[in-house]
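Q: predicted structure and sequence below. I'll ask about it afterward.
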Amino acid sequence: MKRLFLVLASMASIASAIAQDVIVKRDGEEIQCRILEVSSNKVKFKQWKNQNGPTFVEKKADILMLKYENGQKEVISFSGPVGETKVEDAVVAETPVDSVALADTMPISNDYLEYARKEKSGLLKWGRSISEEQAHSVLGKDWTDFTRAHKSERVGRAMIFTGGALIVGGGLWTAQYIWASKDYDDKKSAYENHVAEANANYAAKINSLNDNINVANAKLVDAQSTVDGAKYALNNAQDDYNNANSAYEQAKRGYEVIGNVTKNQLDAAEAAKNSAAEELASAEGNYNAAKDGFVQAESDVTLASSIYNAYIANGTDNYNKDFYKPSFKSDMDDAKNYKKTTLYPMIGCYASGAALLVWGIIKEKRAHKKVNEIVNRYNVDPNAAPAEIPAEVPTETSWKPEFDMEARGNGLALVMKF
């Protein structure tokens, strides 16, 4: 990402440099500046980054070309004296030409060359396109290295843009991965909540079946108690009947045989016997009903126990049938798999994009340096005498008188020059 930022920053700086004047020296150095004055043998300028600072001077013998902020260029030639002029007078208007026709008619010599990445030949001569054959004849033995470096730079530039595109693609995959992660978290939470709810409902079902057994057992205990009570009542009724029946037989014998029992006493003993018989019959009915209730209670306990045991034995099937929904699990698994499918392209885009970007920057930088070295080597003027550039020239100099000898009449006169 840092490399990408540097590339964008450099592109911005190149764009901003268009609005500057540039002095191109014969040794390949370029000075970004604001040109103040162009005279016959020197150029005055201020540094672009310090336009309020001192005025500098370059000898025209060391200058190859002046590039003005409006895009026009002035090639410095020493075929004849150049009159002193201001900046606006030194601008040479360029006339559009047919690059193809020019490439066929233009003489080839080691004059000013410029490297142009977008040109097929990779070169501009005097700011105009030339063919590959002409560029080959200019560079000679360096043509192979130049074309190799030219292609390498274009490949490096393509790698930079491809790497940047992959990083942008990685950003898109990152957004998709973030969405997929959130969706997976939601599906996972829904699945976990569903499992917890299903387990709770299953446990409640088991507890309900167990409660049924407990209720049946309680009813069985009550039925047993009812049977015991009915049995006790039946025994008492049986005893009462036996006693009433014995009293009746004695009264009957006394009335019929002995004669010591009256008719009324006999009738009373018979009535008591009949009442005891009715009580016995009622007690027998209650006892039989109690036994039936006990048998039913036992059956209810057996049924509740069998239902409970059967449900426990098939617990997994009953759990899946009654409470668990597999759709929650499948939704979570699908979300998890989709999250993985977005993770790998995201990592791949970032890794490959960063690798291509760095590799492309290095490749482009090395290739650009190589082609510029070759081009600048052909732009050096072998006849130019080396000269040091004064760091600063005062804007105002003090006047010193100069003298000369002139013929006056039959003699010579010393004349002061102004």
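A: Alright, I've got the coordinates.

Q: what segments of the stretch 251-400 of the chain are strands?
A: In the stretch 251-400 of the chain, no strands are defined using DSSP state E, counting those that start in this stretch.

Q: so where do the helices sit in it?
A: 263-313, 315-322, 327-379 (DSSP state H, counting those that start in this stretch).

Q: out of those helices, flag the one nearest Tyr202.
A: Judged by C-beta to C-beta, the one of those that comes nearest to Tyr202 is helix 315-322, at 5.0 Å. No exception for glycine: its C-beta is placed from N, CA and C like everyone else's.

Q: and for the closest one, what's in contact with it?
A: 198, 201-202, 205, 311, 326 (C-beta atoms under 8 Å, 6 or more residues apart in numbering).

Q: give me the buried subset of these.
A: Buried members of those, counted by 16 or more other C-beta atoms under 10 Å: 198, 202, 205, 311.

Q: quick check: the gap between the second one and Thr316.
A: Look at Tyr202 and Thr316: by C-beta to C-beta, to the nearest Å, they are 10 Å apart.

Q: nearest to Gly171, of the contacts of helix 315-322?
A: Using C-beta to C-beta, the contacts of helix 315-322 come closest to Gly171 at Pro326, 36.5 Å.

Q: one step back: which members of the buried ones among the contacts of helix 315-322 occur in helices, if any?
A: Using DSSP state H to define helices, the subset of those located there is 198, 202, 205, 311.

Q: from what I see, the third one and Tyr311 are in contact.
A: Okay, so that is Lys205. Yes. Contact status for Lys205 versus Tyr311: in contact at 7.4 Å, counting by C-beta atoms under 8 Å.

Q: let me see the contact set for the most centrally placed residue in the chain.
A: Central residue of the chain (C-alpha atoms, centre = their mean): Thr174, 1.5 Å from the mean position. Thr174 sits next to Met346 when contact means C-beta under 8 Å, 6+ apart.

Q: name the SS class of it, please.
A: helix (DSSP: H, G, I helix; E, B strand; the rest coil).

Q: tell me the contacts of Ser121?
A: 129-132, 134-135.

Q: from the residues you listed, which land in strands?
A: Among these, the residues falling in strands (DSSP state E) are Ser129.

Q: and the contacts of Ser121, which of them are buried?
A: Buried members of the contacts of Ser121, counted by 16+ other C-beta under 10 Å: 129-131, 134-135.

Q: need those residues in TSV with pLDDT, can you?
A: Listed next are the buried ones among the contacts of Ser121 as TSV, based on pLDDT from 0 to 100:
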residue	pLDDT
Ser129	83
Ile130	83
Ser131	87
Gln134	85
Ala135	81
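
Q: Ser225: which of those is nearest?
A: Ser129 (118.9 Å).

Q: ok, now how distant is that closest one from Glu153?
A: 18 Å.

Q: what does Ile31 give?
A: Distance from Ile31 to Glu153, by C-beta to C-beta: 24 Å.

Q: more neighbours: which of these two?
A: Applying other C-beta atoms under 10 Å to Ile31 and Glu153 shows that Glu153 carries more neighbours, namely 23 against 19.

Q: now that one: closest residue in space, sequence neighbours ignored.
A: Among residues not flanking Glu153 along the chain, Ala367 sits closest, at 3.5 Å (C-beta to C-beta, 6 or more residues apart in numbering).

Q: still on that earlier bit, nearest to Ile213, of the buried ones among the contacts of Ser121?
A: Ser129 (100.9 Å).

Q: mind listing the residues bridging to that closest one?
A: On the basis of DSSP bridges, Ser129 is bridged to Leu124.

Q: test my guess that it contacts Glu114.
A: No. Taking contacts as C-beta under 8 Å, Ser129 lies outside contact range of Glu114: 10.5 Å.

Q: which neighbours do these two share?
A: By C-beta under 8 Å, 6+ apart, no residue touches both Ser129 and Glu114.

Q: list phi and psi for Pro34.
A: Just to correct that, residue 34 is Arg rather than Pro. Here is the backbone geometry of Arg34 (degrees, to the nearest 10): phi -120, psi 110.

Q: neighbours of Trp126, how many?
A: What Trp126 shows, counting by other C-beta under 10 Å, is a neighbour count of 16.

Q: what sits against the spatially closest residue to it that is not a sequence neighbour?
A: Excluding its sequence neighbours, the residue lying closest to Trp126 (C-beta to C-beta, 6+ apart) is Tyr112, at 6.1 Å. Tyr112 sits next to 64-65, 75, 125-126, 379 when contact means C-beta under 8 Å, 6+ apart.

Q: roughly how far does Tyr112 sit from Gly348?
A: Distance from Tyr112 to Gly348, by C-beta to C-beta: 47 Å.

Q: same check, this time on Ala158
A: 19 Å.

Q: got it, and Ser299?
A: From Ser299 across to Gly348, the span is 71 Å (C-beta to C-beta).

Q: before we move on, what about Asn264?
A: 122 Å.

Q: flag every buried residue along stretch 250-265.
A: 251, 254-255, 261.

Q: er, stretch 298-315 actually
A: Applying 16+ other C-beta under 10 Å to stretch 298-315 flags 298, 300-301, 304-305, 308, 311 as buried.

Q: of those residues, closest to Trp48?
A: The closest of the buried residues of stretch 298-315 to Trp48 turns out to be Tyr311 (C-beta to C-beta; 90.6 Å).

Q: the closest one and Ser152, how far apart?
A: 78 Å.

Q: could you do Trp359 as well?
A: Trp359 is 12 Å from Ser152, by C-beta to C-beta.

Q: give me every residue that touches the residue nearest to Glu153.
A: Contacts of Ala367 (C-beta under 8 Å, 6+ apart): 149-150, 152-153, 156.

Q: one more time with 7 Å, if that's ok
A: 149, 152-153, 156 (C-beta atoms under 7 Å, 6 or more residues apart in numbering).

Q: what about the closest residue to Lys291 other than its chain neighbours, distance to Gly285?
A: For Lys291, ignoring the flanking residues on the chain, the nearest one in space by C-beta to C-beta, 6+ apart is Val227 at 5.6 Å. As judged by C-beta to C-beta, Val227 and Gly285 stand 13 Å apart.

Q: related to what we said a few turns ago, surely the residue nearest to Lys291 is in a strand?
A: No. Val227 is assigned helix when assessed by three-state DSSP, not a strand.

Q: what is the burial count for it?
A: 21.

Q: my guess is it contacts Phe294. True?
A: Yes. Val227 lies in contact with Phe294 (C-beta atoms under 7 Å); the separation is 4.9 Å.
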